[in-house]
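1. fold the following for me, if possible:
(3 chains)
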Amino acid sequence: MAKRLETDFYTRDVLEVAPDLLGQTLIRVFENSRIGQYAITEVEAYRGEEDLACHASKGRTARTEVMYAEGGHLYVYLIYGMYWMLNVVTAPKDISQAVLIRGLKEITGPGRLTRELKIDKSFNGESLLTSDRIWIEDSGIKPAYTTTSRINVEYAGVVWGAKEWRYVVND
DNA sequence: ACAAAGATCCGT
DNA sequence: CGGATCTTTGTA
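-> Numbers count the residues shown, from 1 in each chain, chains lettered A, B, ... in the order given. Take a look at the predicted model:
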């Protein structure tokens, strides 16, 4: 039986957590039924204040504060006025890192999956360790994957834009 | 108080 | 390739 991933999994460096999230099972419960139970297939790592592609590169603000929380919390924000982005906060408290969940089995696209799973601003700051409506279970599966540079982060410049911190499960 | 940009998606 | 759409952030 699958077990919910716990604190020790999330409090590691984002570059370790991101690839380890591939193949794990994201569970979403809405009105007492599981409207989502999907394997994670695509993620991106955002690594702290030094990473110019990470929102936390601006330091602590009202928006980025949750990324400084202990690993295992959620960072959810609206982009382009329309799409909610689902991120898993990683690392110990006061280190601002997060993993953007970009794709699930059967639901590709970070904006599409939050629409399908009815995830919005109310999930910002929620804990994957204690929530009764969203969490991640250890599937025991370690799929083969490929790394590429992150999507749509040209604004971060050549150095940070070139980091191969996007992880995609192979076909 | 205002302007600008943005970790996207969809249709042309 | 451009429009939709609105929050966050910086600047005045």
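2. and chain A, which residues reach DNA strand C?
-> Within chain A, the positions lying close to DNA strand C (C-beta under 7 Å from any atom of the strand) are A:55, A:58, A:61-64, A:77-78, A:80-82. (Each C-beta comes from the backbone N, C-alpha and C, glycine too.)
3. now, of those, which are buried?
-> Burial by neighbour count, 16 or more other C-beta atoms under 10 Å: within these this picks out A:55, A:64.
4. and the residues of chain A next to DNA strand C as JSON lines, adding secondary structure, pLDDT and distance to DNA strand B?
-> JSON lines is the format used below for these (DSSP: H, G, I helix; E, B strand; the rest coil; pLDDT from 0 to 100; distance: C-beta to the nearest atom of the strand, whole Å):
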{"residue": "A:His55", "secondary structure": "helix", "pLDDT": "98", "distance to DNA strand B": "4"}
{"residue": "A:Lys58", "secondary structure": "helix", "pLDDT": "95", "distance to DNA strand B": "11"}
{"residue": "A:Thr61", "secondary structure": "coil", "pLDDT": "97", "distance to DNA strand B": "12"}
{"residue": "A:Ala62", "secondary structure": "coil", "pLDDT": "96", "distance to DNA strand B": "14"}
{"residue": "A:Arg63", "secondary structure": "coil", "pLDDT": "98", "distance to DNA strand B": "10"}
{"residue": "A:Thr64", "secondary structure": "coil", "pLDDT": "98", "distance to DNA strand B": "8"}
{"residue": "A:Tyr77", "secondary structure": "strand", "pLDDT": "98", "distance to DNA strand B": "8"}
{"residue": "A:Leu78", "secondary structure": "strand", "pLDDT": "98", "distance to DNA strand B": "7"}
{"residue": "A:Tyr80", "secondary structure": "coil", "pLDDT": "98", "distance to DNA strand B": "4"}
{"residue": "A:Gly81", "secondary structure": "coil", "pLDDT": "97", "distance to DNA strand B": "5"}
{"residue": "A:Met82", "secondary structure": "coil", "pLDDT": "97", "distance to DNA strand B": "6"}
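5. out of the residues of chain A next to DNA strand C, flag the one nearest to A:Ala39.
-> Top of the list for closeness to A:Ala39, among the residues of chain A next to DNA strand C and by C-beta to C-beta, is A:Tyr77 at 24.0 Å.
6. so for the longest strand belonging to chain A, mean pLDDT?
-> Longest strand in chain A by number of residues (criterion: DSSP state E): strand A:33-47. The predicted model gives strand A:33-47 an average pLDDT of 97.
7. point out the other helices and strands that it packs with.
-> helix A:14-21, strand A:25-30, strand A:97-104, strand A:107-108, strand A:166-169 (3 or more C-beta pairs under 8 Å, 6 or more residues apart in numbering; DSSP states H and E).
8. briefly note if it comes near DNA strand B.
-> Yes: using C-beta under 7 Å from any atom of the strand, strand A:33-47 reaches DNA strand B at A:44, A:46.
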